[in-house]
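1. pasting the sequence and the predicted coordinates here, then a few questions.
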Amino acid sequence: MNGSSGRDTIVDWPPPRRPARRGRLFLLLAIAVVVFGGGTALTYYVDAIWFASLGYADVFWKSLNIEAAVFAVFAGVTFAALYGSFLALKPERLGELAGGPILINGQPFKLPVEPVLRLIALAVSALIALATGAGIMGQWPTLALYWYAQPAASPTLDPIFSRPLTFYLFTLPAWQLIAGWLMTLAVIATIIAVFFIAITGGGRVLTGRRTAGASPWRGVSVAFAAFLVMLAVRVYLGRFERLFDDHTIFSGVTYTDAHVTLTGLLVVSLALLLGAAIALVNAASAPSLRWLVASVIPAAVTYAIVGIFGWYVSSFIVKPNELVREQPYIAHNIRARPRRPARVSGGQRRCRGRHRQQPADTAEHPPLGLARAAGHAAPDPGDPHLLRFSRHRHRPLSDRRRDAAGDARRARAQRGEAAREQPQLDQREADLHARLRRDDEPRERLHA
């Protein structure tokens, strides 16, 4: 400790460093890299060998470059946004505003808060940036599909928003991913601004006492304006999710959605943008909590009106005659589904596929394995004997074994019934028949 002035003792931060052994530091760093990155490096190495053995090494390196670019861009922008928000929202002379000295063992100490907070903000921003870059890197196919998507020559438009199919497959997922990322940054920036109000004595601002320099509510107003803008974007993109909602009768946009909800959500997003403008005006003029609350009122009132009106339409207009109201949207849903070929019986489908009509030059010389009747007459595909043979031939082996066992049981039962129906002979008749057979044997030899 040094730099004492009066009764207060100032603790130097960071403390003076002792000469460290760099060899141990590099050794520990190398061990950490091997432990945490060795498995990932080995996985990439095995993937590279496998793709190269198949002749697709270019595909592997292309995807790896895209992953690296996505990680670098999103991690770098996240770190710059978070640490830049800390520096921009940090009040002037933060150390003086944070409070007076503290007592430790009866001795007053005055800690420099600003260097400590700067170090914490640097570490937290780096960790969040790395986590964000790694998370979005795992979703690189979404961004790659959006980046390399080609517009269709004659796109099929949906009947609700008049958007092509490529918009829902490639564009919308990428927009939702980026909007969610920016929304997270806006929320963190707002939390940082509120944190600075808390540590600089925001209670004095709430009671009406002004502080020297810039008002701490200015940073909160700017961060809250960014939050409202991103919330408006999320609400606007959420309108397209109505096409994928499941309902009792069908999936997609309902009568209430088409006539109330979709338009209402668009108005809510515009109200959120209006609230963001009010927050920015509050930051530029005399910042106050009242105007921040007023910036939320238009969106809240609009959302409540849309919800009440949608409930009224759904309960008193749609439900009494739901099938008639929803019929156009059910028709849209049916037309959007892929058509399936007409169903035919299994035996007919196999026979028609196997015994389709032959060309003229091969009619006289049928292919091997094709059963022909007398005179090389082509069998009728609808012949019941042929259909029964085809069904039996293409049935699973387990079914055939089960049927064979059943046939054997039925044969044994029939033999048993025949034996029971045959008249039983007594022992004397049996002996008589045996003697007659013995007497007939010499006559048969004599004639022979």
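-> Nice, I can see it.

2. which phi and psi values does residue 139 adopt?
-> Its backbone dihedrals place residue 139 at phi -110, psi 30, with angles given as degrees, to the nearest 10.

3. same deal with residue 161?
-> On the backbone of residue 161 - angles per degrees, to the nearest 10 - the values are phi -100, psi -10.

4. tell me the contacts of the closest residue to it other than its chain neighbours?
-> By the measure of CB to CB, 6 or more residues apart in numbering, the closest residue to residue 161 outside its immediate chain neighbours is residue 240, 6.6 Å from it. In short, each C-beta sits where N, CA and C put it, glycine included. Under the criterion of CB atoms under 8 Å, 6 or more residues apart in numbering, the neighbours of residue 240 are 161, 163, 168, 172.

5. just among those, which is most surrounded?
-> Each of the contacts of residue 240 was scored for neighbours by other CB atoms under 10 Å, and residue 172 scores highest at 18 neighbours.

6. helix or strand for it, which one?
-> Assigned by DSSP states H and E, residue 172 falls within helix 172-199.

7. please apply the same query to residue 150.
-> Residue 150 is part of no helix or strand, with elements assigned from DSSP H and E.

8. coming back round to it: which of the contacts of residue 240 lies closest to residue 140?
-> residue 172 (17.0 Å; CB to CB).

9. quick one: pLDDT of that closest one?
-> If you check residue 172, the pLDDT there is 94.

10. what's it in contact with, if anything?
-> In this structure, residue 172 makes contact with 237, 240, judged by CB under 8 Å, 6+ apart.

11. on the three-state scheme, the residue nearest to residue 161 is what?
-> Here residue 240 takes the helix state, with states given by DSSP: H, G, I helix; E, B strand; the rest coil.

12. now it: how far from residue 143?
-> Counting by CB to CB, to the nearest Å, the gap between residue 240 and residue 143 amounts to 18 Å.

13. out of the contacts of residue 240, who's nearest residue 330?
-> Within these, proximity to residue 330 (CB to CB) peaks at residue 161, which comes in at 18.0 Å.

14. what strand or helix carries the residue nearest to residue 194 when sequence neighbours are not counted?
-> Computed as CB to CB, 6+ apart, the closest residue to residue 194 that is not its neighbour in sequence is residue 220, at 6.3 Å. Counting by DSSP H and E, the element that carries residue 220 is helix 216-238.

15. after that helix comes which helix or strand?
-> Reading on from helix 216-238 to the C-terminus, the next helix or strand found by DSSP H and E is helix 255-256.

16. what sits up against that next one?
-> The list of residues contacting helix 255-256 from outside it, by CB under 8 Å, 6+ apart, reads 310, 313, 314, 317, 318, 325, 326, 329.

17. could you redo the last one with a cut-off of 7 Å?
-> 310, 313, 314, 318, 325, 326, 329 (CB atoms under 7 Å, 6 or more residues apart in numbering).

18. inside helices: which ones of those residues?
-> In helices, judged by DSSP state H, the following of the contacts of helix 255-256 are found: 310, 313, 325, 326, 329.

19. tell me what the strand or helix carrying residue 59 is packed against?
-> Counting by DSSP H and E, the element that carries residue 59 is helix 57-89. Using 3 or more CB pairs under 7 Å, 6 or more residues apart in numbering; DSSP states H and E as the contact criterion, the secondary-structure elements in contact with helix 57-89 are helix 22-54, helix 113-137, helix 140-148, helix 172-199.

20. just checking, what packs against the shortest one?
-> Based on contacts counted as 3+ CB pairs under 7 Å, 6+ apart, the elements that helix 140-148 packs against are helix 57-89, helix 172-199.

21. the residue nearest to residue 194 is in contact with residue 196, isn't it?
-> No. Taking contacts as CB atoms under 7 Å, residue 220 lies outside contact range of residue 196: 8.4 Å.

22. those two: which is more packed in?
-> Here residue 220 and residue 196 are compared on neighbour count by other CB under 10 Å; more neighbours surround residue 220, at 25 against 21.
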